[in-house]
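Enquirer: Following is a predicted model, sequence given first.
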Amino acid sequence: AVSVKGSRPSTLPGTVVHPLLGRRLDLAGHEIIYETDLRSVAYLADHRLDGVAVFPTTGYLELALAAGREAGFGKLLDVREFKIRRPLTLGEDQSGQVQVVLTPDGSGLACRILRAAPGKWHTHATCRLEAEGDEHGAGPWVAPRGAPRSVAAHYAHCREQGLEAVSLWGHAPIYIQGIR
């Protein structure tokens with residue numbers, strides 16, 4: 001569970017390799033596994049949908065990319081076939097224990113992001129990581145042209161959709177505490 005009053009110290013063993021990714025587990029086998037406790041990252045509680053704290057999409061991407069870089073796969077990685085299988089909610093009654101599992105194969109890394117539940121693990125997101133510039137690369141992505149929208153209009157639209165967003169410059173209280 002993520003507390004809005006501040007971060008909890010992590011109780012996981014080992015050396016932290018990344019603030020969100022946590023620690024690398026030394027296990028036998030070919031998989032590379034990192035483990036973190038999201039309860040130790042208080043500002044995650046500020047990302048809400050209909051009043052429920054939800055792990056942000058960018059968090060999944062950061063976990064996957066940080067794991068790939070830390071595992072030595074390269075600094076520039078392409079994320080392919082990214083899917084959120086089920087939202088990772090951050091309720092007080094839920095585990096914050098998350099693992100990022102990388103499985104090497106012939107052309108890259110399969111990545112799974114899982115959370116502990118009583119007696120099992122649930123897969124929340126999956127993707128593939130590949131070294132940037134491989135044969136599948138089609139050049140840089142260019143955003144399609146759309147109608148410009150003011151920042152105020154963007155956040156008004158977010159509120160209409162149930163997102164309790166904060167502006168880039170009007171950070172949520174817990175995030176502000178972390179950057180002071």
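Expert: Looks like it arrived, so ask away.

Enquirer: Look at residue 64 and report its pLDDT.
Expert: Reported pLDDT at residue 64 in the predicted model: 94.

Enquirer: How much space separates it from residue 57?
Expert: As judged by Cβ to Cβ, to the nearest Å, residue 64 and residue 57 stand 11 Å apart. All C-beta spots, glycine's among them, are computed from the backbone N, C-alpha and C.

Enquirer: How about residue 128?
Expert: Between residue 128 and residue 57 the distance is 17 Å, computed by Cβ to Cβ.

Enquirer: more neighbours, those two?
Expert: residue 128 (17 against 13; other Cβ atoms under 10 Å).

Enquirer: Report the secondary structure state of the more buried one.
Expert: When classified by DSSP: H, G, I helix; E, B strand; the rest coil, residue 128 comes out as strand.

Enquirer: hang on, residue 62 is in a helix, isn't it?
Expert: Yes: under three-state DSSP, residue 62 falls within a helix.

Enquirer: what's the closest non-adjacent residue to it?
Expert: residue 20 (5.7 Å; Cβ to Cβ, 6 or more residues apart in numbering).

Enquirer: And for residue 149?
Expert: Nearest one to residue 149, counting by Cβ to Cβ, 6+ apart, is residue 157 at 7.6 Å.

Enquirer: May I ask which helix or strand encompasses residue 121?
Expert: strand 120-131 (DSSP states H and E).

Enquirer: Who are the packing partners of that strand?
Expert: helix 57-70, strand 77-84, strand 97-105, strand 108-117 (3 or more Cβ pairs under 8 Å, 6 or more residues apart in numbering; DSSP states H and E).

Enquirer: JSON lines for these, including distance to residue 33?
Expert: Formatted as JSON lines, the helices and strands packed on strand 120-131 follow (distance: least, Cβ to Cβ, whole Å):
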{"stretch": "helix 57-70", "distance to residue 33": "9"}
{"stretch": "strand 77-84", "distance to residue 33": "18"}
{"stretch": "strand 97-105", "distance to residue 33": "5"}
{"stretch": "strand 108-117", "distance to residue 33": "10"}
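
Enquirer: Great, nothing more from me.
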